[in-house]
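**Student:** Here you go, sequence then predicted model.
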Amino acid sequence: MSEARIGFYGATKEVTGSCFLLEIRGLKILIDCGMFQGREAHELPSEFPFSPKKIDYLILTHAHIDHCGRIPLLVREGFKGKIISTRPTAQIARIMLLDSAKVMREHYKVLLRKAKRKGRELPPLPLYDEYDVVESFPFFEIQLPYERPFNLSEDIKITFKDAGHILGSCFVEIEDLKARKKFIFSGDLGNKGKPIVRDYTLPSAADFVFMETTYGDRNHKPFEESKKELLEAICETFKNGGNVLIPTFALERAQEILFILREFHEAGELPPCQVFLDSPLAIKATRIFEANPEFFDENAYQIFQRKDPFDLPGLHFTEDVEESKAINNIRSGAIIIAGNGTLTGGRILHHLKNNIWREECSLVFVGFQPRGTLGRKIVEGADKIHLFGEEVAVRLKVYTINGFSSHADQRELLEWVSYCGTPEKLFLIHGEEDKMQIFKSVLPEDLQSKVYIPSFSEEIELY
């Protein structure tokens with residue numbers, strides 16, 4: 001009988017839905033419990049392929065929805081264990097999950113109206129609601145700092161290491177002291193040299209490594225070059241008399257853009273403009289950042305000691321819906337930062353509808369666009385899209401600046417995994433399959449032979 005096995009229940013040959021069940025001699029450890037994104041509600045798994053009631057611990061690597069988004073469903077289905085994360089991850093997860101429930105509820109209302117109007121079958125209910133989210137909060141029992149070992153049992157120990165991805169993100173090393181085996185789950189690894197967060201910590205040798213491969217096929221542009229591209233996009237758009245739309249995730253990317261715009265202003269490079277952070281969620285996340293400066297990198301921490309690193313003249317936080325609508329009266333000279341980052345919902349869609357047909361405007365993507373999202377369609381060159389039941393022409397200028405990614409690129413992934421030694425198995429997860437194959441091909445030969453690319457719901461005995 002095997003002592004350890006792993007089940008892959010998400011982020012297999014795709015970049016969302018992170019969820020892995022590690023069982024070691026009866027102890028059941030779930031690593032992440034994320035939402036599948038870029039899909040309609042009827043395509044989302046409504047049940048877990050395992051019993052939530054039997055899970056002892058849920059280790060949360062960070063608070064992006066594709067890693068934490070199904071936690072309320074897990075609790076509703078009977079989870080009675082403990083959730084372990086860093087402090088910022090626990091704080092951010094709460095606001096992200098409440099927002100997720102709200103987004104699903106609003107989307108359901110739209111689908112319900114359309115189904116009733118057309119006499120079609122009613123849509124499936126949302127996976128959970130705000131009540132379910134609040135019910136999950138008491139399970140966030142354990143907040144760990146980086147580098148402090150914690151025993152799950154007499155012979156199972158975990159340690160969080162800084163993943164450098166977003167505030168409070170970690171990768172986790174799990175040690176089976178009895179079998180003398182080590183597992184590493186990378187979570188999402190960060191792009192080095194970015195502002196605010198520190199660079200990822202290097203891992204140690206392990207027997208089984210589970211690593212993300214979101215950008216396993218490419219290297220990012222240098223970050224300073226990407227900042228220059230952003231500034232050029234802004235200046236060119238304002239010169240043409242338009243607005244700049246930046247669809248962005250409320251967590252990390254929004255704060256990063258504000259940080260950079262402040263730098264541009266202080267350097268005298270940013271033209272006179274109004275900047276709108278049009279996202280109640282991003283505003284809440286920014287306040288959590290300001291409450292956790294000890295997780296900043298040295299530069300951001302030093303700035304924080306003197307002033308707010310996310311503030312600049314002309315900045316407006318628009319929480320109210322009417323304030324958001326009023327932005328559409330501005331024809332030029334506005335930078336509109338709104339969610340969500342893949343154009344699958346949120347206030348950015350309203351701003352897009354008002355500006356996408358205007359050649360003088362621009363749409364600046366500063367994040368990965370998964371398959372199946374509206375963002376991906378536009379990046380791939382769609383000349384028309386559907387917004388709120390209406391076909392609209394894509395005439396604005398589209399910029400894709402991948403150096404802003406909070407994910408490690410191929411070069412950084414290779415560096416990180418080189419410190420894992422020569423594991424018995426190297427599992428590639430959290431990436432599209434073609435990118436995984438490219439990443440595998442550039443690994444050293446001794447690691448290529450260890451690579452395994454799992455499929456959804458696959459279960460493997462490890463030892």
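**Tutor:** Right, received. Where do you want to start?

**Student:** Mind checking which residue lies nearest the centre of this structure?
**Tutor:** Taking Cα atoms, centre = their mean, the centroid of the chain lies closest to residue 64, which sits 4.0 Å from it.

**Student:** just checking, that one touches residue 188?
**Tutor:** Yes. Residue 64 lies in contact with residue 188 (Cβ atoms under 8 Å); the separation is 7.2 Å. C-beta here means a position set from N, CA and C on the backbone, and glycine is covered the same way.

**Student:** what sits in contact with each of these two?
**Tutor:** Shared contacts of residue 64 and residue 188 (Cβ atoms under 8 Å, 6 or more residues apart in numbering): residue 166.

**Student:** Show the model's pLDDT score for the residue nearest to the centre of the chain.
**Tutor:** For residue 64, the pLDDT comes out at 94.

**Student:** Roughly how far does it sit from residue 407?
**Tutor:** Residue 64 sits 11 Å away from residue 407 when distances are taken as Cβ to Cβ, to the nearest Å.

**Student:** And residue 260, by the same measure?
**Tutor:** Here the criterion is Cβ to Cβ. By it, residue 260 lies 18 Å from residue 407.

**Student:** again with residue 415
**Tutor:** Taking Cβ to Cβ as the measure, residue 415 falls 14 Å from residue 407.

**Student:** out of the two, which sits in the busier spot?
**Tutor:** Each of residue 415 and residue 407 has its neighbours counted (other Cβ atoms under 10 Å); residue 407 has more, 23 against 14.

**Student:** Hmm, the more buried one is touching residue 212, no?
**Tutor:** Yes. The criterion here is Cβ under 8 Å, and residue 407 meets it with residue 212 at 7.3 Å.

**Student:** shared neighbours, those two?
**Tutor:** 188, 189.

**Student:** wait, what's in contact with residue 17?
**Tutor:** When contacts are counted by Cβ under 8 Å, 6+ apart, residue 17 touches 9, 10, 11, 34, 35, 36, 37, 66.

**Student:** I'd say residue 431 and residue 18 touch.
**Tutor:** No. Assessed by Cβ under 8 Å, residue 431 is found out of contact with residue 18, at 11.1 Å.

**Student:** When these two are compared, which one has more neighbours?
**Tutor:** With neighbours defined as other Cβ under 10 Å, residue 431 and residue 18 compare such that residue 18 has more, 31 against 26.

**Student:** Got the phi and psi for that one?
**Tutor:** Phi and psi for residue 18, reported as degrees, to the nearest 10, are phi -50, psi 120.

**Student:** do residue 52 as well
**Tutor:** With angles defined as degrees, to the nearest 10, residue 52 sits at phi -60, psi -30.

**Student:** That one: neighbour count?
**Tutor:** Residues contacting residue 52 under the criterion other Cβ under 10 Å number 21.

**Student:** Please name the residues that touch it.
**Tutor:** 74, 75, 77, 78, 79.

**Student:** Switch those residues over to JSON lines; also include secondary structure, distance to residue 176 and pLDDT.
**Tutor:** Shown next, in JSON lines, are the contacts of residue 52 (DSSP: H, G, I helix; E, B strand; the rest coil; distance: Cβ to Cβ, whole Å; pLDDT from 0 to 100):
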{"residue": "74", "secondary structure": "helix", "distance to residue 176": "24", "pLDDT": "97"}
{"residue": "75", "secondary structure": "helix", "distance to residue 176": "27", "pLDDT": "97"}
{"residue": "77", "secondary structure": "coil", "distance to residue 176": "28", "pLDDT": "96"}
{"residue": "78", "secondary structure": "coil", "distance to residue 176": "26", "pLDDT": "97"}
{"residue": "79", "secondary structure": "coil", "distance to residue 176": "23", "pLDDT": "98"}
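
**Student:** Closest one to residue 130 out of those residues, please.
**Tutor:** Within those, the smallest distance to residue 130 is 13.2 Å, found for residue 75 (Cβ to Cβ).

**Student:** OK, contacts around the nearest residue to that closest one once chain neighbours are set aside?
**Tutor:** Distance criterion Cβ to Cβ, 6 or more residues apart in numbering; nearest residue to residue 75, sequence neighbours excluded, is residue 136 at 4.3 Å. Residue 136 is in contact with 71, 72, 74, 75, 97, counting by Cβ under 8 Å, 6+ apart.

**Student:** immediately after the helix or strand hosting residue 136, which helix or strand?
**Tutor:** Assigned by DSSP states H and E, residue 136 belongs to helix 130-136. Note on helix 130-136: by DSSP H and E, the next helix or strand toward the C-terminus is strand 142-143.

**Student:** Other residues contacting that following strand?
**Tutor:** 82, 83, 84, 85, 86, 87, 89, 90, 150.

**Student:** where along the stretch 201-350 of the chain do the strands fall?
**Tutor:** Shown for the stretch 201-350 of the chain, the strands assigned by DSSP state E, counting those that start in this stretch span residues 208-212, 244-247, 274-278, 315-317, 334-338.

**Student:** Can you say which of those strands is packed in most?
**Tutor:** Sort the strands of the stretch 201-350 of the chain by mean neighbour count, taking mean count of other Cβ atoms under 10 Å, and strand 244-247 sits at the top with a mean of 28.

**Student:** Averaged pLDDT, it. What do you get?
**Tutor:** 96.

**Student:** Helices of the stretch 51-200 of the chain, start to end?
**Tutor:** 65-68, 71-76, 87-118, 130-136 (DSSP state H, counting those that start in this stretch).

**Student:** so of those helices, which one's packed in deepest?
**Tutor:** Highest mean neighbour count among the helices of the stretch 51-200 of the chain (mean count of other Cβ under 10 Å): helix 65-68, with a mean of 26.

**Student:** Just name whatever secondary elements it is in contact with.
**Tutor:** Applying 3 or more Cβ pairs under 8 Å, 6 or more residues apart in numbering; DSSP states H and E, we find helix 65-68 packed against helix 87-118.

**Student:** could you point out where the stretch 151-300 of the chain is predicted with low confidence?
**Tutor:** Within the stretch 151-300 of the chain, not a single segment meets pLDDT under 70.

**Student:** Return the closest of the contacts of residue 52 with respect to residue 421.
**Tutor:** Proximity of the contacts of residue 52 to residue 421 (Cβ to Cβ) peaks at residue 74, which lies at 33.0 Å.
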